[in-house]
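*Asks:* When you get a sec, could you give me coordinates for this:
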Amino acid sequence: QVQLVESGGGLVQAGGSLRLSCAASGRTFSTSYMGWFRQAPGKEREFVAAVSWSGLNINYADSVKGRFTISRDNAKNTVYLQMDSLKPEDTAVYYCAAGPSIVIRTTPSYWGQGTQVTVSS
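*Replies:* Numbering: from 1, shown residues only. As a prediction, this is how the structure comes out:
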C-alpha cells in the first residue's frame with residue numbers, strides 16, 4: 001500500500017500563488033508517476049498534472065498550462081504543485097495521486113485525502 005498526504009491548500013486572492021505538497025510513504029516503488037487531480041463543487045474530478053519518476057515526462061491539463069508547475073523530490077518521496085496566477089475557477093479540492101505508469105491520468109492506483117484550495121475574486 002501507498003499512503004499519500006497532501007498539504008499546502010488554503011485561501012488566496014485571484015492572481016496569487018499557492019504551493020501544494022504531497023508526501024508518499026509505504027510501497028513507494030509503486031509511485032513511478034505522481035500527479036494531481038481536482039474536484040470543484042458539483043463537478044467531476046479532473047486531471048491536473050502528472051510527472052514521471054525521472055521528471056522528464058510531464059503532462060498538464062490545458063486549463064493549467066503556463067500557470068501550474070509540477071515537480072518531485074524523489075529523496076523525500078514528495079511531489080509538488082506550484083500554482084501561480086490563480087483564478088476563481090481553480091477553486092476545488094486538490095487530490096494527490098500515484099501509480100506505476102502514465103495511466104494515472106485516468107486511473108490512479110492511490111489517492112490522497114485531498115486539500116481545499118479556494119481562490120477569491
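*Asks:* got the contact list for the residue nearest the centre of the chain?
*Replies:* By Cα atoms, centre = their mean, the chain has its centre lying nearest to residue 36, at 2.3 Å. With contact taken as Cβ atoms under 8 Å, 6 or more residues apart in numbering, residue 36 is in contact with 20, 22, 48-50, 70, 79, 81, 94-97. (Each C-beta comes from the backbone N, C-alpha and C, glycine too.)
*Asks:* buried subset of these?
*Replies:* Neighbour-count burial (16 or more other Cβ atoms under 10 Å) is assigned, among these, to 20, 22, 48-50, 70, 79, 81, 94-97.
*Asks:* From these, pick the one nearest residue 63.
*Replies:* Distance to residue 63, by Cβ to Cβ, is smallest for residue 48 among these, at 8.2 Å.
*Asks:* That closest one is in contact with residue 94, isn't it?
*Replies:* Yes - counting by Cβ atoms under 8 Å, residue 48 does reach residue 94; the two are 7.2 Å apart.
*Asks:* what residues are shared contacts of these two?
*Replies:* The contact sets of residue 48 and residue 94 overlap at 36-38, 81 (Cβ under 8 Å, 6+ apart).
*Asks:* For those residues, work out which two are farthest apart.
*Replies:* It's 37 and 81 that sit farthest apart of the shared contacts of residue 48 and residue 94, by Cβ to Cβ, at 10.5 Å.
*Asks:* Surely residue 106 and residue 47 touch.
*Replies:* Yes - applying Cβ under 8 Å, one finds residue 106 in contact with residue 47, separated by 7.5 Å.
*Asks:* Pick out whichever of these two has more residues nearby.
*Replies:* residue 47 (19 against 8; other Cβ atoms under 10 Å).
*Asks:* coming back round to it: need the contacts of residue 36 in CSV (columns: pLDDT and secondary structure).
*Replies:* Output for those, formatted as CSV (pLDDT from 0 to 100; DSSP: H, G, I helix; E, B strand; the rest coil):
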residue, pLDDT, secondary structure
20, 98, strand
22, 97, strand
48, 98, strand
49, 98, strand
50, 97, strand
70, 98, strand
79, 97, strand
81, 98, strand
94, 98, strand
95, 98, strand
96, 97, strand
97, 96, strand
